Structures are given as C-alpha cells and as structure tokens.
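Trainee: pasting a predicted model and its sequence here:
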Amino acid sequence: MAGCGLPRLEARMLLEQVLQKPRAWLLAHDLDPLDPALARRFGELAARRLAGEPMAYLVGEREFMGHRFAVNPDVLIPRPETELLVETGLAHLRALAAPRVLDLGTGSGAVAVSIALARPDAQVLATDASAAALAQARLNAQALGAANVRFALGDWFQALPAHEPPFDLIVSNPPYIAAGDAHLAQGDLRFEPRAALTDQADGLSALRAIVAGAGARLAPGAALWLEHGWDQGPAVRRLLAQAGLREPASLRDLAGIERISGAKL
Ligand code: GLN
C-alpha cells in the first residue's frame, strides 16, 4: 500500500474495499501481511485510480445526505452541492402532509431517495431515460429502505404514467454542461455517463424542456427546483418567469455559486 502513488486517504479507501473491513480493523491489523491475491486486487484498483477512474466507481459507493448510495458508471456520482437541491425541496415540503414529489433524471436515485427517507409520508416518483440508471436507483431505494419511491423510464415528463396527479414539488439535476465544455475532458467527468452531464447543445436544453413541461404537472402553490451550472442562474430564472411561474429565485451553494433555481406555480 505504501508507495502505491496514491494519496493516503484514497489508498486506505481502496484497501478497505479489497479487504471488506472497516478502518478500525485496518488500524488494528496494520502490520499483518497482505494475502497475495488481495495485494494483487489492491494493485489493480490503485492502477485504475492512477489512470483517473473516479474513487466512487472503484469503491462502488458515495455518501449523499448521510446515506451510502451504490454507484456504477451507469450513473452520475452524487455531488455534495446537490444536497442544496434536496434541502431546498424538503424545506418547501415542510408545511405539507403526504406530499407528492417528482425527481426527473434520478440517476443513482440520490435526490429522490434522500427526499423519500426524510419524508416517509411523501409519495416520490423518480424517472430516468436510462434503464440501467433506473435499475441502480431502484437498488438504492431498496437497500436504504425507501419504500415510498416509484420509478418510471423515459425522457423528462414523457416518463410519467398516464393519469398521474399533479405534484407538490418537482426537482431535477439534469445534464447542464454545454457540448465542448472543457470540464467534460477532466477528472471524474471523463468516466461518468455523457447523457447525465451534457445536453450536447448549449447546456440549457434539458432545463428548457423541464421548465416548459412543469406548469402542467405542478399543483397550485407547488414548487419547481432545478440544479444548473455556475453561470446559468439568470437564464434559468428567465425561463421560469417566461413559463409563467411565480417568484423565480436562485440559491448559492457553499462555494458561493448560484447552483439551483426555482419558482412556484
Ligand atoms: N455538477 C456536475 C459537474 O459539474 C454536473 C452534473 C450535471 O450536469 N447535472 O461536475
């Protein structure tokens, strides 16, 4: 493990993964010789990490809202800044009993399942255009004990079952990176599903489609909150206002960046 070329924390996380032992065990058995097969497995993971693969895919999970979400390359890795979307959504639901919630493009299910766990009385519907992503979201809902989430396959509002009543809250973290953005060729993003990151256009096309369809799916007084890129706040507020939604507003993440925008019907 020493001298494998990885930062100490990453090496420890990979070793925990290979040995399937928690940190306390590793500390207590620091000087035990490593079984050669396990050492080889560790070497393989370390090499993949050095070649750039995201830690979350190598260890198979990422923590979000205090829950451990299983992830694989079919789904975007949950980001800490997306917790603002969940917290803001939950704040809107505070005054409502048994609220109906829609999460469009759920990926790993991080947003939908976190809301469902925080509000066991809520009925959450989670959609994705990727069947593989939806399968992963379903696994996470099961593993984390969120029985109040349903799943639907398809593009944005087209995924919704017929006769679906209106929602009290719609949230989404859609692909919002513009085609050709240099970030797509950097870091973890190189390994994440393209369709979860970029609309292959100006970065606003998914946000436009969601805002355009939301009005018909929101209950009176319901809220729509969307995550977006660092410079998209003004454009998304404009879209919300043009769609006739009330009180368009943006909120900043911990880095001070306008990260989500929302409005009410
Ligand atoms: N927040 C991600 C990033 O910039 C992008 C996720 C998305 O497009 N929804 O790394």
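Mentor: It's in. A quick note: this is a predicted structure, and the numbers were derived from the prediction, not measured.
Trainee: Ile260 sits in which helix or strand?
Mentor: Assigned by DSSP states H and E, Ile260 belongs to strand 258-264.
Trainee: against which helices or strands is that strand packed?
Mentor: When contacts are defined as 3 or more CB pairs under 8 Å, 6 or more residues apart in numbering; DSSP states H and E, strand 258-264 sits against helix 83-93, strand 218-227, helix 233-242, strand 246-252. Bear in mind the C-beta positions are built from the backbone N, C-alpha and C, glycine included.
Trainee: to Pro22, which of the ones you listed lies closest?
Mentor: helix 83-93 (24.3 Å; CB to CB).
Trainee: relative to strand 258-264, how tilted is the closest one?
Mentor: 20 degrees (axes from the mean of the first three to the mean of the last three CA atoms, to 10 degrees).
Trainee: for Leu104, which non-adjacent residue is spatially closest?
Mentor: Ser172 (4.0 Å; CB to CB, 6 or more residues apart in numbering).
Trainee: who does the one you found form a beta bridge with?
Mentor: Leu104, Leu226 (DSSP bridges).
Trainee: doesn't Leu226 make contact with it?
Mentor: Yes - because the distance of 5.4 Å satisfies CB atoms under 8 Å, Ser172 is recorded as touching Leu226.
Trainee: any residues in contact with both of the two?
Mentor: With contacts defined as CB atoms under 8 Å, 6 or more residues apart in numbering, the residues shared by Ser172 and Leu226 are Ile210.
Trainee: just the strands in the stretch 1-150 of the chain please.
Mentor: 61-64, 67-70, 100-104, 123-128, 149-153 (DSSP state E, counting those that start in this stretch).
Trainee: the ligand: which of the ones you listed is closest?
Mentor: Among the strands of the stretch 1-150 of the chain, strand 100-104 comes nearest to the ligand, with 11.4 Å by CB to the nearest ligand atom.
Trainee: any part of that closest one near the ligand?
Mentor: No - contact of strand 100-104 with the ligand (CB under 6 Å from any ligand atom) is absent, the minimum separation being 11.4 Å.
Trainee: who's in contact with that strand?
Mentor: Everything outside strand 100-104 that qualifies as a contact, by CB under 8 Å, 6+ apart, is 89, 93, 111-112, 115-116, 119, 122-127, 156-157, 159-160, 165-172, 174, 210, 217, 219.
Trainee: ok, and which of those residues reach the ligand?
Mentor: Near the ligand, by the rule CB under 6 Å from any ligand atom, you find Pro174 out of those.
Trainee: excluding chain neighbours, what is closest to Thr127?
Mentor: In this structure, Thr127 finds its nearest non-sequential neighbour in Ala159, 3.8 Å apart by CB to CB, 6+ apart.
Trainee: test my guess that His228 contacts Tyr176.
Mentor: Yes - counting by CB under 8 Å, His228 touches Tyr176, with 4.9 Å between them.
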